[in-house]
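Visitor: sequence and predicted structure, then a few things I'm wondering about:
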Amino acid sequence: MTFYTLGDDIADTTAPDVPIEQRWDRRRFDAKLVNPANRRRHSVIVVGTGLAGGAAGATLAEQGYRVIQFCYQDSPRRAHSIAAQGGINAAKNYRNDGDSVYRLFYDTVKGGDFRARESNVYRLAQTSTQIIDQCVAQGVPFAREYGGLLDTRSFGGVQVARTFYARGQTGQQLLIGAYQALSRQIDAGNIEMHERTEMLDLIVIDGRARGIVARDLVTGQISTYIADAVVLATGGYGNVFYLSTNAKNSNASAIWRAHRRGAYFANPCYTQIHPTCIPRSGDYQSKLTLMSESLRNDGRIWVPKNAGDTRSPDQIPEAERDYYLERIYPGFGNLVPRDIASRAAKNQCDLGRGVGPGGLGVYLDFADAIRRLGEDQVREKYGNLFEMYDRITGEDPYKVPMRIYPAVHYTMGGLWVDYDLQSTIPGCFVVGEANFSDHGANRLGASALMQGLADGYFVLPPMLGNYIATNKFETIDESHPAVVDTVNEATGRLTKLLSINGDRTVDSFHRELGEIMWDECGMARSEDGLRKALGRLPELRAEFWRSVKVPGSGDNVNQSLERANRVSDFLELGELMCVDALHREESCGGHFRVESQTPDGEARRDDDRFAYAGAWEFGGTDQAPVLHREPLEFDYVHLAQRNYA
Amino acid sequence: MKLTLRIWRQAGPAEPGRMVAYEVPDANPDMSFLELLDVLNERLTLEGDDPVTFDHDCREGICGACGVVINGQAHGPRERTTTCQLHVRSFADGDVIDVEPWRSVAFGVVKDLMVDRSGLDRIIQAGGYISAPTGSAPEAHSTPVPKPVADTAFDNATCIGCGACIAACPNGSAMLFTSAKVTHLNLLPQGGPERAERVLNLVEAMDAEGFGGCTNSGECTVACPKGIPLDSIATLNREYLRASLGRK
Amino acid sequence: MRSSFAPLNFWRSTIGKKAVMAVTGLLMLLFLIVHMLGNLKIFYGRTEFDHYAGWLRTIGEPVLHGAWYLWIQRFVLVLAVVLHATSAYQLSRRDQKARPTKYSHHQRPKANYATHVMRYGGITLGLFIIYHILDFTTLTLNRHGVEGAAYDNVVSSFSVWWVTAIYILAMISLGLHIQHGFWSAAQTIGANRPSRDRLFRNVATGLAVFLTAGFLVVPIAVLAGLVD
């Protein structure tokens, strides 16, 4: 049985055909400009206030556009970018350690296992240096050395120290910078900010995105907002797995609704499983907590050599420990890319060498670092992470090694966008984690912050200007049939959810979905498993619409209703992820198909058949999706199997 | 573990509220406090009751969304811990735990334990930023910042805007919140040009929201999950006096 | 709304009012130190104490006429008390309005006792000042009540146990008020720094003990018959 149909190939037609170093300059030069005096007449909707959305909203407002911005949180400062810990990459080469724009580009393409578009990645590397300047000017308190200059550290998958950081709270500091820039524009009256308001659907008129339908989460009021363009900056969809490092309310509804309206969804199966998370402790677990990858700079990962060894870690002598990453990958050691570190941890646990409850954990040990650097210096570098670990587990990592296990963390897939960051719906732009553009099949550490800010501050604004300059926008009335239809659909959906009044809670469905996805579409995927999942998911979806119980009404705060709406979208998206994973009969980056591995268990790509981005078109409810392939060309970084040994 | 939760229930901003007792017979010491509420809510849902509304998001202590007063203490009994990072192991079997929303005239109750903290956003909007339009920034290394200054700025920038300081303050004062922003931005060389205007605007906005004044009781800093020090309030006062005396 | 007159904005703001309290408080503290030290002259006997009391009226001569200095000082002190009390009253009202709902689960405050009782202490001291002026300045309530006979006026008041009790109570309030107030003032005018925090707290406690003890030594000595 096939689960999809094959459509025409697609291509990005917006990146200019000039040498890669010149593409972004040329694109900006070719772009049409909007006269500053005319910008006031144009409005832009931005959904989301994370790094990408916050930066985009602030910048567009600064340039003079009327921005209407939304976030489901009670304040734009709480978007989940805030939880990013480790750092942000930039090719500043302050360390004189051989870094360059080209090397950052190269590392990112290679780290992404050759499944990203070269043009976009190069531009990202070019933009990276400006981001640091911008953030420092905003007052982001990056870590500094005694001389007053910025400090950097190294991250997984690279051998230069290009990661700028603010202790273990880099995302927070960058987000607060963007939030403050946004606040300045709100105060100036250039942004109409709607907090606690969630996008329910995208309004598409004559093939172009012209607005959104959104629900005020306090009053339940469903309203329409019309603008000349819509920017989706709503983050990733890791919460399909129920347990992930995402915020509890992070969701895919905005991008999934846009997908249903015509935006292609690219590479949905590329999910990043982060190797260093705190293992789960019980069935009540509501989310997983990440321990920054930066810990792998000084922490050493090991398991007991003997399977089923239940001695406490301090009772296990050196000779009976296996520092398996250092053993298998001597070149990068504990700093191998995330996908490799995660899979290695899973393999060790599968061999019965896992530690902690259920054997689902490995040690991350700082004893050597404390001996070498002293406890104070370790505290200075990682103090807040150690505290967090202690609070959650009740164990002191200065005394006993941390226990870690991989968890879903980031989704490389997302809405397909061209070089201009425009989706297949004209006027619908997608930035940050919500798009698929820069990370291929695996994202390197400290690159998400870089991409979010690059998109929001520097890439989107000129491209959005070009769209506005080259289009005419007739006035749209709220009585326009397309608007009315979209509102009715959104309202009908919520009414339906409230009326089912079945016997299962929303969370019970979400948990079950998560288990299926983790088992069959998680760290290792097989044809059998994926087919099994694809058999079960439509049943689960039908069961959801038959027996979910959503208490309360739609006309005030109703968190169950919010969740139900999000989970109903996750149920559909989960299916598409499995279809994508099933069709991609190769292993690459975060997508590991057990049928496609080297004799020693490493991922084996199949470049002849799969060197493309898979962009899925919505085929209709209960209809098979349509695959459009965007062939990827590697003119600069030559295709090679990754080797981190 | 068996726990009894007495929770503030209030259907809407204008509705009367009251404390309602619920038993959770199957609490686990390794649960977070919010997971305890999740477990209760799952049960309430199935029993046809209205589940308890509370703000929460990242559940790792950084977004600042969660926050309730537990046994009279903002974010509960553990120091430097947000509600989501508080675990049931901090309580004993059989405990009766009072759970109430943040109380302040500037934080209206939206529903149950959820309050309106938009006043904090308005304080930041009044001037809690450095004006640096995108693209205008000079090279990052053109202005070195001494490490101690950068560290102090960072310590204050870690504020998560949860509002615990206000909830804990007997006067419902937002001085610690405001002082964290002023200290963060006014100490940095980049924040210099707007230094005086910033502090005057922030204090004016803070007062306009109806927050109380500071009596230096220090409750705020004890409740602060990020440990913003009381010293920041002295810095705010200093900056305010300086600006009021017309020094740039 | 912000006015174009900066001092008005300052007075309207919570920090401005608090700074007014700090500065007036420090001014009164300074006065109290001198006052307390002067009181101790009573141990040198009637003649010297009465002479000292008389001299207080002539400070500033011959530049200033007669008791002008005394009246200037009185004016400044009354102004300080009025500003201190007005700020305290207005801020307290504001504070109470800012937290209209109490938590149903009461939690013992983490701040020390002195901080907790600032408002009550302030009211106690205000009432005490009125009594004190009626007792020793206007002599309205003084049993001896002879102008110029400061020594005998003091002895006559403190020979009554309940007058001494009132003084003891007031001076304990004063000590508590200074213990929090001095450090709080340092905090409010922004003089405090992490490096000086301990110092300010110790000085505050020192001043509190020093003043309370210094003021109490006189009535206790009278009651004990050491001064008569």
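Guide: Noted; the coordinates are in hand.
Visitor: ok so residue B:23 is a strand residue?
Guide: Yes: according to DSSP: H, G, I helix; E, B strand; the rest coil, residue B:23 belongs to a strand.
Visitor: number of nearby residues for it?
Guide: Residue B:23 is flanked by 13 other residues according to other CB atoms under 10 Å in any protein chain shown. The C-beta positions use only the backbone N, C-alpha and C, and glycine is treated the same way.
Visitor: measure it to residue B:57 for me?
Guide: Counting by CB to CB, to the nearest Å, the separation of residue B:23 from residue B:57 is 27 Å.
Visitor: cool, and residue C:111?
Guide: According to CB to CB, residue C:111 and residue B:57 sit 32 Å apart.
Visitor: can you check residue B:199 too?
Guide: Note on residue B:199: its distance to residue B:57, by CB to CB, is 30 Å.
Visitor: go on, residue B:115?
Guide: From residue B:115 to residue B:57 the distance is 15 Å (CB to CB).
Visitor: likewise for residue C:168?
Guide: Counting by CB to CB - residue C:168 and residue B:57 are separated by 56 Å.
Visitor: cool, residue A:538 as well?
Guide: 31 Å.
Visitor: those two - which one has more neighbours?
Guide: The neighbour count for residue A:538 versus residue B:57, taken as other CB under 10 Å, is higher for residue B:57 (25 against 13).
Visitor: and the more buried one, that one's in a helix?
Guide: No: using three-state DSSP, the assignment for residue B:57 is coil, not a helix.
Visitor: tell me how far it lies from residue B:19.
Guide: In this structure, residue B:57 and residue B:19 are 25 Å apart, going by CB to CB.
Visitor: how about residue C:198?
Guide: Taken as CB to CB, the span from residue C:198 to residue B:19 is 42 Å.
Visitor: of those two, give the one with the bigger neighbour count.
Guide: Shown here are residue C:198 and residue B:19; by other CB under 10 Å, residue B:19 has more neighbours (14 against 9).
Visitor: pretty sure the more buried one sits in a strand.
Guide: Yes: read with three-state DSSP, residue B:19 is one of the residues of a strand.
Visitor: now it: how far from residue C:99?
Guide: According to CB to CB, residue B:19 stands 18 Å off from residue C:99.
Visitor: and if you look at residue B:68?
Guide: Taken as CB to CB, the span from residue B:68 to residue C:99 is 16 Å.
Visitor: and those two? which has more neighbours close in?
Guide: The residue with more neighbours, out of residue B:68 and residue C:99, is residue B:68; 29 against 21, by other CB under 10 Å.
Visitor: confirm for me that residue A:242 is in contact with residue A:516.
Guide: No: at 9.8 Å, residue A:242 does not count as touching residue A:516 under the criterion of CB atoms under 8 Å.
Visitor: per-domain residue ranges of chain B.
Guide: Domain assignment of chain B by automatic domain parsing yields the ranges B:3-111, B:118-133+B:141-244.
Visitor: oh, I was asking about chain A
Guide: Here the domain parsing of chain A from automatic domain parsing is A:274-409, A:481-612.
Visitor: name the residues of the worst-scoring helix or strand of chain C on mean pLDDT that are buried.
Guide: Least confident helix or strand of chain C, by mean pLDDT, DSSP states H and E, is helix C:113-116 with a mean of 87. Of all the residues in helix C:113-116, those buried under the rule 16 or more other CB atoms under 10 Å in any protein chain shown are C:114, C:115, C:116.
Visitor: chain center to that helix: distance?
Guide: Computed by CA atoms, centre = their mean, to the nearest Å, the chain-centroid distance of helix C:113-116 equals 17 Å.
Visitor: now the following helix or strand past that helix: mean pLDDT?
Guide: Sequence-wise, the next helix or strand downstream of helix C:113-116 (DSSP states H and E) is helix C:118-132. For helix C:118-132, mean pLDDT rounds to 96.
Visitor: what residues does the stretch 251-400 of chain A put near chain B?
Guide: Selection of the stretch 251-400 of chain A residues close to chain B by CB under 8 Å from any CB of the partner chain yields A:281-282, A:284-287, A:289-290, A:387-388, A:391-392, A:394.
Visitor: now, of these, which are buried?
Guide: Buried positions within these, assessed by neighbour count (16+ other CB under 10 Å), are A:281, A:284, A:285, A:286, A:287, A:289, A:290, A:387, A:388, A:391, A:392.
Visitor: out of those residues, what pair is the most spread apart?
Guide: A:284 and A:387 (22.9 Å; CB to CB).
Visitor: neighbours around residue B:39, how many?
Guide: Other residues lying near residue B:39 total 18 when counted by other CB under 10 Å.
Visitor: oh, that last question was meant for residue B:136, not what I typed.
Guide: Residues within reach of residue B:136, counting by other CB under 10 Å, total 11.
Visitor: what about stretch A:199-215, near chain B?
Guide: No: figure legend: stretch A:199-215 not in contact with chain B (CB under 8 Å from any CB); closest approach 15.1 Å.
Visitor: state the mean pLDDT of that stretch.
Guide: What stretch A:199-215 shows for mean pLDDT is 98.
Visitor: restrict it to CA atoms and write it as PDB.
Guide: Presented in PDB, the C-alpha positions along stretch A:199-215 are these (Å, rounded to 0.1, in the frame of the first residue of the first chain):
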ATOM      1  CA  MET A 199      -4.100  31.700  15.300                       C
ATOM      2  CA  LEU A 200      -6.700  29.200  14.200                       C
ATOM      3  CA  ASP A 201      -6.500  29.500  10.400                       C
ATOM      4  CA  LEU A 202      -5.000  31.300   7.500                       C
ATOM      5  CA  ILE A 203      -7.100  33.400   5.200                       C
ATOM      6  CA  VAL A 204      -6.200  32.800   1.600                       C
ATOM      7  CA  ILE A 205      -7.900  35.000  -1.000                       C
ATOM      8  CA  ASP A 206      -7.200  34.600  -4.700                       C
ATOM      9  CA  GLY A 207      -4.300  32.400  -3.900                       C
ATOM     10  CA  ARG A 208      -2.600  34.800  -1.700                       C
ATOM     11  CA  ALA A 209      -2.300  34.900   2.200                       C
ATOM     12  CA  ARG A 210      -4.300  37.900   3.300                       C
ATOM     13  CA  GLY A 211      -5.000  37.400   7.000                       C
ATOM     14  CA  ILE A 212      -5.700  35.000   9.800                       C
ATOM     15  CA  VAL A 213      -8.500  33.900  12.000                       C
ATOM     16  CA  ALA A 214      -7.500  34.000  15.700                       C
ATOM     17  CA  ARG A 215      -9.100  33.300  19.000                       C
END
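Visitor: wait, residue C:11 sits on residue C:18?
Guide: No: Residue C:11 is beyond contact range of residue C:18, at 11.0 Å (criterion: CB under 8 Å).
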